[in-house]
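In: no letters, just coordinates:
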């Protein structure tokens, strides 16, 4: 059967990654968390005190960064490695969250990550989630979904995620962080967060993860059936 690219874009903490992982599992596709790639770069920049206003230092840093994904046999999930070190938990901290949009807005960073993502999905058969998959990374993706949710719902989800990792963060701080990231992501010059014209809108404020997965899978099944007919 022909393999396709499934692109899930949208705001932070609206269920993109959880939905994408489950869709990839059902399809037997690779799952690529592009947000994690930007978080890994942000962690490197923070650890090495990279000046975000110095293009030369940024280019030098990017040349020394390798972000890879490896499956953890115990959890059966892909985890993020930065230059060979597992940083899956560290990149999810508020320390990184507070800076990731400011790093992601840098054109050189976006160009480097987009090139890597395009290489990863070159053979199709991938589910990617991020901010610009359907508009920039894979504008020819066969299935595109733009996910959103109200900020209070997203903040509650993020707080629960952090609590599970023993990180206690005030609700108001998370709300402000999300609003700040939304503004930066939506107004940056280089590949801003926006809904692709041919993307299906999915508001996840009041639906379950299973319902989100079902929504995407209906689109995927319809597209695969159409491709099967046209290829006969």
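Out: Cool, the structure landed. Given the structure is predicted, the values throughout are model-derived calculations rather than measurements.

In: just the buried residues of the longest helix seen in the chain, please?
Out: Counting by DSSP state H, the longest helix found in the chain is helix 209-230. Neighbour-count burial for helix 209-230, counted by 16 or more other C-beta atoms under 10 Å, picks out 212-213, 215-217, 219-220, 223-224. For the C-beta atoms, the positions are set from N, CA and C on the backbone; glycine is no exception.

In: ok, of those residues, which one's closest to residue 77?
Out: Lowest distance from residue 77 to those (C-beta to C-beta) belongs to residue 213, with 15.8 Å.

In: now the closest one: how far from residue 220?
Out: 10 Å (C-beta to C-beta, to the nearest Å).

In: show me the helices in the protein, by range?
Out: Remark: helices assigned in the chain by DSSP H are 16-27, 34-47, 55-63, 94-104, 107-120, 151-164, 171-187, 209-230.

In: quick revisit: just put the buried residues of helix 209-230 in JSON lines and tack on distance to residue 143 and pLDDT.
Out: Shown next, in JSON lines, are the buried residues of helix 209-230 (distance: C-beta to C-beta, whole Å; pLDDT from 0 to 100):
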{"residue": "212", "distance to residue 143": "14", "pLDDT": "97"}
{"residue": "213", "distance to residue 143": "13", "pLDDT": "98"}
{"residue": "215", "distance to residue 143": "11", "pLDDT": "98"}
{"residue": "216", "distance to residue 143": "7", "pLDDT": "98"}
{"residue": "217", "distance to residue 143": "10", "pLDDT": "98"}
{"residue": "219", "distance to residue 143": "5", "pLDDT": "98"}
{"residue": "220", "distance to residue 143": "5", "pLDDT": "97"}
{"residue": "223", "distance to residue 143": "5", "pLDDT": "96"}
{"residue": "224", "distance to residue 143": "9", "pLDDT": "95"}
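
In: sorry, back to before: what's the longest helix of the chain in contact with?
Out: 1-2, 4, 6, 8, 15, 18-19, 22-23, 26-27, 142-143, 145, 147, 200, 202, 204, 207 (C-beta atoms under 8 Å, 6 or more residues apart in numbering).

In: go again with 7 Å.
Out: For helix 209-230, the external contacting residues (C-beta atoms under 7 Å, 6 or more residues apart in numbering) are 1-2, 4, 6, 15, 18-19, 22-23, 26-27, 142-143, 145, 200, 202, 204.

In: could you do stretch 26-46 as well?
Out: Under C-beta under 7 Å, 6+ apart, the answer for stretch 26-46 is 17, 20-21, 24, 61, 65, 67, 78, 80, 82, 87, 90-91, 96, 99-100, 103-104, 109, 113, 116-117, 120-121, 125-130, 133, 217, 220.

In: list the beta-bridge partners for the residue lying closest to residue 78 once chain neighbours are set aside.
Out: Closest residue to residue 78 apart from its sequence neighbours, by C-beta to C-beta, 6 or more residues apart in numbering: residue 69 at 4.5 Å. Residues in a beta bridge with residue 69, per DSSP bridges, are residue 80.
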